[in-house]
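>>> Pasting a predicted model and its sequence here:
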Amino acid sequence: MTTQFWKAAFMSPALLGMVMASASVAAEAPTVESLDISASEPVQLAQVASVSDLSDVLPSDWAYTALQNLVETYGCIEGYPNRTFRGNQALTRYEFAAGLNACLDVIAGLITGDGLDGSTLATIQRLQQEFQAELATLRGRVDALEAETAQLRAQQFSTTTKLRGQVDSNLVVPFGNTAAGPDSFTTFNSRARLNFDTSFTGSDLLRTRLQAGDGAAPLATAGGLANAGGDGTFNVALDDFYYRFPIGSRVTATLAANSVQTDDFVTSTIVPWDGPAVADPSGPLLYDFGMGGGGFAAGLSFQITNSLVFDAGYSAGRTATPLGGSNNPNAGGIFGSPSQSYIAQLSFLPEGFFSGALVYANGTTAPTAPGVLPVVAGASTDTYGALASLDFGRFILAGSFAHHTSGPASTDSWQIGAAFPDLFLEGSQLGVYYASLPSYTSRPYMVEGYYSIPVNQFLTLTPALIYGNLDRNSATDVNNFYGAIRATFSF
């Protein structure tokens, strides 16, 4: 068997790898139009005689030996005019065609240079027959991949936008003192969200959220449920509407037209039950008490170090007749809206044991549109708070404390608790916390225990037990006990 045959045989794995690489690139590489390759300015490649001629290829590179063999033995790898190989750059179809053509010329020369004897041809034919099934399978996979890629390109929703949805349903059952006071009846509510997440550069985010729900009536005097909302009639409305983009490597800016305020600006709320828990005071409520806004908003996030982040934001409410709002040129405007909030938070977020944050917030609620929180509408509220978390691996201890003032009135709010991540099931969380709720008129409190269970990648069930004096608008004690279960579908 001739030397030319073995050289050709040894070239086969390299060519097979290039063919598979081309299939992968065909599925993920940008289109020719997006590469802006002009016929009047073709990419000129330069033939190299030694791998050392490629300035950006080092002996320590994992593919150095393969490149050295292709360049110095077969002479079918070319570099760019500046003698670079650009091994980490995506391969275009033009570049692949040029490299494949050069290697095929080498193989043709090896086969036809000295001619092949009968035994060598017979060996080649035997190998073709022996691996016929494998080659057919490989060809079928490549064809199927190309067909699926073409179908995805033809049917894709958008090249820049992803659609994400979430549906939350809550069943709340009161026990104990149900004869008087708030939340005396069994209720069921739900909320649906569709998020259109758009990115133009890969590092920015334009979110447009459509939301519909039948309200957050259960536990309303305690701030409601964490995953509930809507106008109560399932009318579809625009909820989150903002654009978040980087400025340099350490600053991220946010501009919003709707539903962004206070803790929406911060990198982390520190406590682990913010999200998995059922009741809204898991938030914690220090971010909400006395705060307005929700219309135009702007914020910046500064990554001072890899673990130290400073966040700041301002939010103004929209039109609140007759006082105006951020969208009213005749009354109020952005800085004269009767409903506003400011927030600044310094967060320490290392990968280790301790994380914490210091926060200051100032808010004003519109006299014509006071929220469910018992604050004096139209008065300014100052909040000074701190949050901390201790991660022991198997469990997390965390809590928060805040002092709120509005004129001569003042009150405190705080929470403390523990969370056990991945307990019994990966992705689950068992948690329990005590929350002293902010109020100028009473001393409300709440205790919640919950267990978030990921049934599968689409469904999470969260049963919870809730107890406390939840009426923050009255000095009368109304203690009650609730059972709740939330089902969350994400897709």
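Received it, and whenever you're ready, just let me know what you need. Given the structure is predicted, the values throughout are model-derived calculations rather than measurements. Residues are numbered from 1 along each chain as shown.
>>> In terms of pLDDT, where does residue 56 sit?
Each residue has a pLDDT score; the one for residue 56 is 83.
>>> Can you name the residues that contact the residue lying closest to it once chain neighbours are set aside?
Of all residues not flanking residue 56 in the chain, residue 84 sits nearest, at 4.8 Å (CB to CB, 6 or more residues apart in numbering). Every residue, glycine included, has its C-beta placed from N, CA and C. Neighbouring residues of residue 84 by CB atoms under 8 Å, 6 or more residues apart in numbering: 54, 55, 56.
>>> Doesn't residue 84 lie inside a strand?
No: secondary structure assignment (DSSP: H, G, I helix; E, B strand; the rest coil) places residue 84 in coil, not in a strand.
>>> Quickly list the domain ranges of this structure.
3-155, 161-490 (automatic domain parsing).
>>> quick revisit: scan the contacts of residue 84 and report the most crowded one.
Using other CB atoms under 10 Å as the neighbour criterion, residue 54 leads the contacts of residue 84 with 24 neighbours.
>>> three-state assignment of residue 52?
Per three-state DSSP, the local secondary structure of residue 52 is helix.
>>> any idea of the pLDDT on it?
If you check residue 52, the pLDDT there is 78.
>>> Would you confirm that residue 124 belongs to a strand?
No: Residue 124: not assigned to a strand; according to three-state DSSP it is helix.
>>> State the number of residues packed around it.
Neighbours of residue 124 under the rule other CB under 10 Å: 16.
>>> any idea how far it is from residue 137?
Taking CB to CB, to the nearest Å as the measure, residue 124 falls 20 Å from residue 137.
>>> cool, and residue 295?
To residue 137, residue 295 is 60 Å away according to CB to CB.
>>> neighbour count winner among these two?
Legend: neighbour count by other CB under 10 Å for residue 295 and residue 137, higher for residue 295 (26 against 11).
>>> Next up, the contacts around the more buried one.
257, 258, 315, 316, 317, 318, 325, 326, 327, 337, 339.
>>> if we can go back for a sec, of the domains of the chain, which stretch is the most buried?
Ranked by mean neighbour count, these are led by domain 161-490 with a mean of 18 (mean count of other CB atoms under 10 Å).
>>> Can you tell me which of the contacts of residue 295 is closest to residue 416?
Taking CB to CB as the measure, residue 416 lies nearest residue 315 of the contacts of residue 295, at 28.5 Å.
>>> and the closest one, what are its bridge partners?
When assigned by DSSP bridges, residue 315 has beta-bridge partners residue 297, residue 341.
>>> ok, now how distant is it from residue 345?
Counting by CB to CB, the separation of residue 315 from residue 345 is 14 Å.
>>> can you list the weak-confidence ranges in this protein?
The chain contains residues with pLDDT under 70 at 1-47, 109-118, 176-183, 216-217, 220-223, 320-322, 367-378, 470-478.
>>> Packing partners of the top strand by length along the chain?
If you go by DSSP state E, the chain has its longest strand at strand 161-175. Contact analysis of strand 161-175 by 3 or more CB pairs under 8 Å, 6 or more residues apart in numbering; DSSP states H and E lists strand 187-198, strand 479-490 as its packing neighbours.
>>> the inter-axis angle of it versus strand 479-490?
Counting by axes from the mean of the first three to the mean of the last three CA atoms, to 10 degrees, strand 161-175 lies at 160 degrees to strand 479-490.
>>> May I have the secondary structure class of residue 149?
Relying on three-state DSSP, one would call residue 149 helix.
>>> gap between it and residue 435?
From residue 149 across to residue 435, the span is 51 Å (CB to CB).
>>> distance of residue 169 from residue 188?
From residue 169 to residue 188 the distance is 7 Å (CB to CB).
>>> dump the residue contacts of the closest residue to residue 103 other than its chain neighbours.
In space, and not counting its chain neighbours, residue 103 is closest to residue 76: 3.9 Å by CB to CB, 6+ apart. The contact partners of residue 76, by CB under 8 Å, 6+ apart, come to 70, 99, 102, 103, 105, 106.
>>> now residue 361
Residues counted as contacts of residue 361 (CB under 8 Å, 6+ apart) are 262, 286, 287, 291, 341, 342, 343, 344, 382, 383, 385.
>>> Quick check: bridge partners of the residue nearest to residue 354 when sequence neighbours are not counted?
Of all residues not flanking residue 354 in the chain, residue 390 sits nearest, at 6.0 Å (CB to CB, 6+ apart). With DSSP bridges as the criterion, residue 390 is bridged to residue 354, residue 397.
>>> so residue 390 touches residue 399, yeah?
No: if you go by CB atoms under 8 Å, residue 390 and residue 399 don't touch, sitting 9.4 Å apart.
>>> Just send the contacts of residue 84 back as JSON lines, with distance to residue 271 too.
Output for the contacts of residue 84, formatted as JSON lines (distance: CB to CB, whole Å):
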{"residue": "54", "distance to residue 271": "53"}
{"residue": "55", "distance to residue 271": "52"}
{"residue": "56", "distance to residue 271": "47"}
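>>> which one of these sits closest to residue 422?
residue 56 (43.1 Å).
>>> how about the closest one, what does it touch?
By CB under 8 Å, 6+ apart, the residues touching residue 56 are 84, 85, 86, 87.
>>> Going by distance to residue 206, which of those wins?
If you rank these by distance to residue 206 using CB to CB, residue 86 comes first, at 31.5 Å.
>>> so who does the closest one touch?
56, 80.
>>> rerun at 10 Å
Contacts for residue 86 (CB atoms under 10 Å, 6 or more residues apart in numbering) come out as 54, 56, 57, 79, 80, 95.
>>> repeat for residue 414
284, 286, 385-386, 399-403, 434-438, 445.
>>> Need the max-distance pair from the residues you listed.
386 and 445 (19.4 Å).
>>> and the residue nearest to residue 195 when sequence neighbours are not counted, how far is that from residue 209?
In this structure, residue 195 finds its nearest non-sequential neighbour in residue 164, 4.5 Å apart by CB to CB, 6+ apart. Distance, residue 164 to residue 209, by CB to CB: 9 Å.
>>> which neighbours do these two share?
Going by CB under 10 Å, 6+ apart, residues that sit against residue 164 and also against residue 209 are 193, 194, 195, 196, 197.
>>> Can you spell out which residues form a bridge with the first one?
Counting by DSSP bridges, residue 193 forms beta bridges with residue 166, residue 211.
>>> Verify the stated contact: it with residue 228.
No: counting by CB atoms under 10 Å, residue 228 is not a contact partner of residue 193; they are 11.3 Å apart.
>>> Give me the common contacts of these two.
By CB under 10 Å, 6+ apart, residue 193 and residue 228 have these common neighbours: 168, 213.
>>> quick revisit: and the longest strand of the chain, C-alpha only, in PDB?
Provided in PDB are the C-alpha atoms of strand 161-175 (Å, rounded to 0.1, in the frame of the first residue of the first chain):
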ATOM      1  CA  THR A 161     -36.900  38.700  20.900                       C
ATOM      2  CA  LYS A 162     -37.700  35.700  23.100                       C
ATOM      3  CA  LEU A 163     -41.200  35.100  24.500                       C
ATOM      4  CA  ARG A 164     -41.400  33.900  28.100                       C
ATOM      5  CA  GLY A 165     -44.600  33.300  30.100                       C
ATOM      6  CA  GLN A 166     -45.600  32.700  33.600                       C
ATOM      7  CA  VAL A 167     -49.000  31.800  35.200                       C
ATOM      8  CA  ASP A 168     -49.500  31.900  39.000                       C
ATOM      9  CA  SER A 169     -52.600  30.600  40.800                       C
ATOM     10  CA  ASN A 170     -53.200  31.000  44.500                       C
ATOM     11  CA  LEU A 171     -55.700  29.300  46.800                       C
ATOM     12  CA  VAL A 172     -56.000  30.800  50.300                       C
ATOM     13  CA  VAL A 173     -58.100  29.300  53.100                       C
ATOM     14  CA  PRO A 174     -58.500  31.200  56.400                       C
ATOM     15  CA  PHE A 175     -58.900  29.300  59.700                       C
END
